[in-house]
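*Asks:* fold the stuff below for me.
(one chain, ligands or ions: 1)
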Amino acid sequence: MIIEQTNLEDCFIITPNVLEDDRGYFFESFNRKKFEDLTDMNIDFVQDNQSKSSKGVLRGLHFQKGDYAQAKLVRVLKGSVLDVAVDLRPNSKTFSKSFSVKLDTINNKQLFIPRGFAHGFLVLENDTIFSYKCDNYYNKLSESGILYNDQTLAINWEFKEEELILSPKDLSLPMFNDLFS
Ligand SMILES: Cc1cn([C@H]2C[C@H](O)[C@@H](COP(=O)(O)OP(=O)(O)O[C@H]3O[C@H](C)C(=O)[C@H](O)[C@H]3O)O2)c(=O)[nH]c1=O
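*Replies:* Numbers count the residues shown, from 1 in each chain. The predicted structure is shown next:
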């Protein structure tokens, strides 16, 4: 397992050690001890999620507020995404900054997104399956988010605006300045 720092504090790229043989491959998709040893963080994931999406789907930017904030370890089981994390921790040196990385089944990369971040992803291939671990349970009343094309965050999704597919909920998310001004 290789851990790479990103430009955001406490947000890491994790690349598993893929063991190939003439049958195919094997890798440990998560190993708590190795994760904690390498990141110096304690983590206790309690919920796994999975979603399937068509090319052009953009899910996010989402986060849960307060006591229900979630850290996530995200990866792709099939297809590929542009994954985006945004630091929304007001006291962080990287507050309001974002990080993007392509996750797919070629690079097998995963992104660890700590509590206090917003998360979203743009699907780059049809029938992409996205899977992630959360260290806190889903709490509908604590859900919040920021509109994907918020001008303060200025995230480059690298995709034609007219080809994006978002849920009505995501299209009605607030702007960054509505939440943090
Ligand atoms: C997140 C979640 C949702 N749901 C239910 C609520 C809806 O009936 C249905 C779809 O929910 P939603 O449209 O919020 O799903 P996504 O747009 O994929 O949301 C996720 O996408 C972004 C990128 C994330 O990082 C979050 O984990 C999460 O917000 O699943 C549950 O039952 N449990 C859950 O943990």
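
*Asks:* local confidence estimate at the residue sitting furthest away from the middle of the chain?
*Replies:* Counting by CA atoms, centre = their mean, the extreme residue of the chain relative to its mean C-alpha position is residue 22, 32.5 Å from that point. Listed pLDDT for residue 22 reads 98.

*Asks:* could you do residue 38 as well?
*Replies:* 95.

*Asks:* swap in the one 5 residues further on?
*Replies:* What the model reports for residue 43 is a pLDDT of 96.

*Asks:* that one: what secondary structure?
*Replies:* Here residue 43 takes the coil state, with states given by DSSP: H, G, I helix; E, B strand; the rest coil.

*Asks:* which residues touch residue 102?
*Replies:* Shown in contact with residue 102 (CB atoms under 8 Å, 6 or more residues apart in numbering): 80-83, 109, 124. All C-beta atoms are positioned from the backbone trio N, CA, C, and that covers glycine.

*Asks:* how far away is the residue farthest from the centre of the chain from the ligand?
*Replies:* Distance of residue 22 to the ligand, given as CB to the nearest ligand atom, to the nearest Å: 37 Å.

*Asks:* quick one: the strand or helix carrying residue 179 to chain centroid distance?
*Replies:* For residue 179, the element it lies in under DSSP states H and E is helix 176-180. Its chain's average C-alpha position is 20 Å from that of helix 176-180, according to CA atoms, centre = their mean, to the nearest Å.
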